Every structure is written in C-alpha cells, then in structure tokens.
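Colleague: Okay, sequence plus prediction incoming.
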Amino acid sequence: MNDQAMPRAGSVNAGDLPDKPAPGASAGPVAWLRDNLFSSVGNTVLTLLGLALVLLTVPPVVGWAITSANWTGGADACRANPGAACWPFVTARWEQFVYGFYPAAERWRVNIVLALLLVGIVLLAIERTPGRRWIGLFMVVVFPIVSFVLLYGGSFGLPVVETARWGGFMLTLVIALSGIVASLPIGIVLALGRRSEMPVVRLACTLFIEFWRGIPLVAVLFMASVMFPLFLPADVTFDQLLRAVIGVALFASAYMAEVVRGGLQAIPKGQYEGAMALGLPYWRMMRLIVLPQALKIVIPGIVNTFIGLFKDTTLVLIIGLLDLLGIVQASINDPNWSIQSVPYTGYAFVAIVFWVCCYAMARYSRYIEAKLHTGHAR
Amino acid sequence: MSDSNPRAVAAPHTMREPGSSAPAPSFWRDPAKRALVWQVLLIAVLAFLAWRIFDNTVTNMAARGLTSGFGFLSTSAGFGIITTPFIEYAETSDYLTVFWVGLVNTLIVAVIGCVLALLLGFVIGIARLSKNWLVQKVATVYIELFRNIPLLLQILFWYSAVLAPLPGPRDLHASGDDVYLSLNNRGLILAEPIGQPGFQYVWYAFFAGIVLTWLTSRWARARQMRTGQQFPVLLAALVLIVVLPLVVFFTLGSPIVFEPAVMSRFALGGGVTIIPEFIALLLALVIYTAAFIAEIVRAGIQAVSHGQTEAGLALGIKPNHRMRLVVVPQAMRVIVPPLTSQFLNLTKNSSLATAIAYPDLFAVFAGTTLNQTGQAVEIMAMTLAVYLTLSLVTSGFMNWYNARIALVER
C-alpha cells in the first residue's frame, strides 16, 4: 500500500474498530432470562410456577432451620420458641447420637477407628496417593480386624464392650461397612458362579441371587432375628448385631453379584480367549485378566450398592437395634424434650447426616463414571 | 481349586492310537470330568447344609413345644385391624383371613404407589431435561434431595412429624356438622359416594368405552398402515372413556349421592376414611421412588443419540411428534429394565409399613401373627413366597413388555 491510495484521514478509520457489544436483547442477563426462563408462554407459566414453588418452600425452611432457629440454650429456650428448629437438642444428645451407649471411658477406641476410616477413605479417593492398591487391601482386610478388636475389646487388655451398648452413627457405620466388605467377595464368587458353564453351579447361584433380590430387607432382618436361632444347633448363639450383619451381608451380596456380573459381561470375549490361549487355568485367568478389568468398570456400581446399603441400615431399628435413626427416634420421646419442634429437629439432623454422606458418595461415583466414560460425551 | 494342577504330571505318550489326534487326558485334566466332580461336590455340600438346617429346626421347634404345620391358620386371630378393604374381617376371623387382609393392603399400596411414582417420576425426569433453567434446577434439587435420604426416615417424617400433629376432628368440626372433606389426625375423611339405582349403567358405559377405544386404536393403526392417514386416537379415547360415561351419568339424572361423615360429640362417624398410616407410607414411597424413576427417565432420553433428534428435525417432523414417535420409543428400551427394578423395590419397600403399623402383609402376618403363634417357619415361608411371587409376576410382565418394544434386529 502506498500513501496516495490511503483515504484521507477523518473520513475512514485507519484501523479496525473495536467490536460493539451485542444488542441487549441477544446477550447479557436480559437475553439469558429471555432464552432460559421466558422464551414462550408455556415456558413463562412454568417459570412462574417454579418460582412460586421455590418461594413457598425455601424461605420457611431456611427460617425454620437457620435464621430463627434456637442455636444455644437448653430445653427452656426451645420451649419459648417452638416454631423453629431446636438445635440444642442435638448438641445435648450429640455423644449418644455418635456412640450410642458405648461407655464414655472407652470412646477413644471408637474415635481411633473413625479416624483410621476417614484417613483410609481420603487416601483412597485421591488418585495420586502412592500405593493405593496396598491401602485398599489394608482397608478391606486388616482394618475390619483392627476395628473389631478395638470396638469389641477382650484382648490386649481392652475391656469388653458388649454389642448391645453399641449404637448411633457408629453402629450405622459398623453394619454398613461390614455388610459391604463381606458382600464383595461373596458377590464376586456368586457372579462367577452365575456365568459358570457348570449347570448345577449356575443354577445354585442364580437361585441364591434371585431369592435374596426378591425379598425385602425387612424380611431378611426378621429372618435373622427370628429364624437364625431355629436353624442353628441349640448351643450355638449369635448376638443380635452379628445376626443382623450376616443378614445384611447376604442380602447385599446378591446385589453385588449382579453388579459384578454386569462388569464381567462388559469384558470382551477376546480377553477370555486370550487368557485361555496363554494356557491360564480358570481361577488364574479370572484373577489376573478378567476381574481386574471387570471390577474397575463396576466401581460406580459398587459405590451405588453401598449407598443403598448405607441408607438401608436404618431398617435395623425394626428389629430393635439403635442405629442413628433408632437412637434419635428414641430420644425424641424423652419427656424432658417434649417440645413441638424436637421431632422435626431430630429427623432433620438424621436427614442431613445421611444426605451429606450419600451425596458425597454419589458425586464420587459419578466422577469415576465420567472418567471411565470417555469419548461418548455429547 | 482347579488351577492347582500339578505341572509335573507328564502326559503318557506311549499308547497312542493311530487314528486319534490327542492322547486321552488324565482324569483331572479333562474339564468335563472335573466339572462333574465339582458339581457333585456342590450338591453334596448344599444337601448337607439343608439337612443340618432342617434337623436343627425340627429339634429346636420340638424343644420349644411348637408343632409344625399350617393348622394354626384356622385358629381365631383375636386382634383388630384398622383397615380391611374388600375383605370381611372381625377379631374372631382366623389367621388365614389375616393373611389375605395383609396381602390386599400390601397390593393396594404397591399398585397405587407404582402408578403415582411412575407419573411423578416421568414429570420430574422431563423437567430435569427442560430448557427452562429454573424448572431444571427445581427438578435436580428434588432428585438429589429425596433419593439421598433413607426411606424409613421419610416414612417416619410424614407419619409422626407431619400427619400426627394435625388437629383432631373435634378441633376442626362442631358437633353435628356434616363433613365432606377433612384432613385431620385420624386421616383423610371424605364423603362416601353411594350409587343410586341406575348407576351401574355408568360403569357399563365406562367399560364399553374401554373396549371401543381398543377397537378404534386397532382400526386406526391398520388404516394408517394401509393409507398413511392418521386418526386422533387420543381424542377418541378421551371421548369414549370419559365423555361417554359422563353423558350417561347426566342423562340418568346424576344417580349418585355423597353421604357425608357426621361429627358426633366425640368422633367422626361414617364417610370414607383413609388412614394416616396409608397416606404417610404412600407419600414416602411415591416421593422416594419418583426420584429414582426421574433419573432413569432422564438417562433413557439422553441415551437416544442426538442424531435421531436431528434426523427428525431434518425430516420436518413436528416437535411433539418428534418426541413421541422418534425419541420416546427408543428411550423406552433403555428405561424399561431399570424401571422394573424400581417397581420391585417399591413393592418390597412397602414392607417398611411395619415401622408405622400400617397393616400390610408384613405387619399383621409376619409381625402380629408370628408373635402370637410362634410359627416362625410357616409364616416366614408364606410371607417370602408372596414377595417372591410378586417379584416374579412384576418382572415377568415387564419382561414381556420389554420384549415387545425391544429393537428387532436381523
């Protein structure tokens, strides 16, 4: 370009103009509102309905639980303001809600187990942890034994704490965790059995799985408390908690088997054939080739099973064990706290505890799922 | 274990027949024979376990002075049940009647629960995919909130925190009042509709409408296959099933009378009462299960490849036809199997009724009857048989439906 060809300054801009902002109707908050909330008559009606629903539910709940709630004081403060949550009830009963009737002098044992559990879970959830495999093995094999020794006592100079005194959140965790740890190996064996080529093995495993999946957990717990004593020789007695745990584990193993079976079916046949071509016998083929791949895909399924099991542990209150919900339910009826807001507060507390745990696990499971599912996202 | 074959055993190479390509393997090297041994072993172990359990049970029952058998079913129960729809029941009725009452109560809550949960779940699942930001968020919050809170807690919440503190009938109604609709701590009380002579014709019209709708839809489908012309089947169904009975109803001069409940000095009498236990159980089951169904519906619709929607757009199919004829039929294939297990879950979860004393099968039969008679084995066997049968029937029906809508491939 030479100077003569340049237009005179003033009539035309020499450089590029900065982009003008888009008109207010097609960008910015107004446009967002129009696109997402008021794009048509029907949409506007839906928005208004949704808004009404939110306004009807959220402010009362927030007011009840947070802004006008009783945070300090005792039963008297709550009695003076019965229209809002009574959190002092939870503070006063906190230790019972966590430990049940575990003796106060021995609660450090529970604390150690809880701390170990927390550290283990955090280390396992973080992918960069070195030696995750060994930590996992430790959590599944060593941790339950350590926990049992610590919680029950009777060795290493620890006094025995009868399981009848266990309760609260600790009992919820004991039942859910022992259920899942026991159900994993049983579930794997059942899943392999259901896909076996031996008709008797396949039939036995299928019947077992379908039986447990077909009956409600309440029935399982009832059987554990009413029928187990009938099935066993008269001189063998199990305590109530162990019976419940066995029932829960058998129940969960059937669901676990179906989850694992899904993983086994997802492994391409070539993997089985490759292993066979290498001359690996059945169990080594499963252990070295198939199961490591299959179990990895079904981690979300296992976590989901665990979430279900965790919520279902509340059912043990029906056979008289005082888990978190059971102990809150019992505390609500305490005459010292017979205040209108206490039952709501108690249920809200249990709901929050379960919700936080289950939601966290669900998010983790979805994260793993998203990581395993690459390439199909839209 | 089968992988621990000693490698040292060398196959005998000596006597090979000229025709055969491989030597006959030793007993343990032959998979077929090995499988046989394992299976015989498994049968033996299972038989031994079964025999031990049977033997122990007989011994223990004898020690407790229990006679086995189903004779107890004809003994008089001697306890009252708060609601016994469709079945005549009194305290003098036998335990078999208790069983039927419990079964009917379980079925009622399960069937109504499944239908309502399906409706609510579908609505929320669609809302979850809505382009409306607010509606989508509300649906998400609903799903995440209710499916992460234990069902038993929700049942207890509705029962003892919402319904129990309601005012009693005496606080709501003056003595001598006629009550047509009332929600109080005794439950939901409605006026009782009583059909007058001639009302049966309304029922006849209703059933005739259903039959005619079925015939119409068959004819419409055949015509569409033949000529490509569509017929508004949905509109016709509405006219036949709803309008036709209504016309009959009004031409007969509205042969129905609503008999209100009457407030006496102390209590409400008459009317139809829906007990709070039922309401609490139904609410909790529906709200909880709908959250799961909504996620299933969402996943099903999202599983239909976006290309299908785009192809529909390219062909110029109307939006609601695109949804109904292209997306939903394909989504159903993904939705139906997990939906089946949600229906089964709801049915099984209805046994939580026992926590709030709604008289379902579990509460009255496996609970009260078992406590009174001690016939644990027989009662649990009957109860489990019922739940297993319900599971089989539900999954059988859903499998049939699934096979009908499944992709037909070469």
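Modeller: Happy to help now that I have it. These numbers were taken from a predicted model, which means no experiment stands behind them. Numbers count the residues shown, from 1 in each chain, chains lettered A, B, ... in the order given.

Colleague: Which stretches in the stretch 101-250 of chain A count as strands?
Modeller: With DSSP state E, counting those that start in this stretch as the definition, the stretch 101-250 of chain A shows no strands.

Colleague: From the rest of the structure, what touches the helix-or-strand element of chain B with minimal mean pLDDT?
Modeller: The weakest-scoring helix or strand in chain B, judged by mean pLDDT, DSSP states H and E, is strand B:268-269 (a mean of 72). For strand B:268-269, the surrounding residues in contact (C-beta atoms under 8 Å, 6 or more residues apart in numbering or on different chains) are B:169, B:173, B:179, B:182, B:186, B:189, B:261-262. In this view, the C-beta of every residue, glycine as well, is placed from N, C-alpha and C.

Colleague: Return the closest of the residues you listed with respect to chain A.
Modeller: Closest to chain A out of the contacts of strand B:268-269 is B:R186 (19.3 Å), distances taken as C-beta to the nearest C-beta.

Colleague: In contact with the closest one, which residues?
Modeller: B:168-169, B:267-268, B:273, B:275-276.

Colleague: What subset of those residues is buried?
Modeller: Neighbour counting by 16 or more other C-beta atoms under 10 Å in any protein chain shown classes B:169, B:268, B:273, B:275-276 among those as buried.

Colleague: Serialize those to CSV and add fields for secondary structure and distance to A:A164.
Modeller: Formatted as CSV, the buried ones among the contacts of B:R186 follow (DSSP: H, G, I helix; E, B strand; the rest coil; distance: C-beta to C-beta, whole Å):
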residue, secondary structure, distance to A:A164
B:P169, helix, 42
B:L268, strand, 44
B:T273, strand, 41
B:I275, coil, 35
B:P276, helix, 33
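
Colleague: So which of those residues sits lowest on pLDDT?
Modeller: Of all the buried ones among the contacts of B:R186, B:L268 carries the smallest pLDDT score, 72.

Colleague: That residue bridge partners, please.
Modeller: For B:L268, the beta-bridge partners under DSSP bridges are B:M263.

Colleague: ok so, going back, and the two most separated of the contacts of strand B:268-269?
Modeller: Farthest pair in the contacts of strand B:268-269 (C-beta to C-beta) is B:R186 and B:V262. Separation: 14.0 Å.

Colleague: give me phi/psi at B:A117?
Modeller: Note on B:A117: backbone dihedrals following degrees, to the nearest 10 are phi -60, psi -40.

Colleague: That one: neighbour count?
Modeller: 26 (other C-beta atoms under 10 Å in any protein chain shown).

Colleague: ok, of the contacts of strand B:268-269, which one's closest to B:Y95?
Modeller: Nearest to B:Y95 out of these is B:R186 (C-beta to C-beta; 27.9 Å).

Colleague: Give me the distance between that closest one and B:A357.
Modeller: Applying C-beta to C-beta, to the nearest Å, the value for B:R186 to B:A357 is 14 Å.

Colleague: which residue sits closest to A:A266, ignoring its sequence neighbours?
Modeller: Nearest residue to A:A266 in three dimensions, chain neighbours excluded: A:I297, at 5.6 Å (C-beta to C-beta, 6 or more residues apart in numbering or on different chains).

Colleague: How many residues are close by that neighbour?
Modeller: When counting by other C-beta under 10 Å, one arrives at 19 neighbours for A:I297.

Colleague: hang on, isn't it packed against A:L372?
Modeller: Yes - using C-beta atoms under 8 Å, A:I297 makes contact with A:L372 at a distance of 6.4 Å.

Colleague: Quick check: B:D360 touching B:A353?
Modeller: Yes - assessed by C-beta under 8 Å, B:D360 is found in contact with B:A353 at 4.1 Å.

Colleague: Name the residues contacting each of these two.
Modeller: B:105-106, B:109.

Colleague: Mind putting those residues into JSON lines with neighbour count and secondary structure?
Modeller: Listed next are these as JSON lines, based on neighbours: other C-beta atoms under 10 Å in any protein chain shown; DSSP: H, G, I helix; E, B strand; the rest coil:
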{"residue": "B:N105", "neighbour count": "29", "secondary structure": "helix"}
{"residue": "B:T106", "neighbour count": "26", "secondary structure": "helix"}
{"residue": "B:V109", "neighbour count": "23", "secondary structure": "helix"}
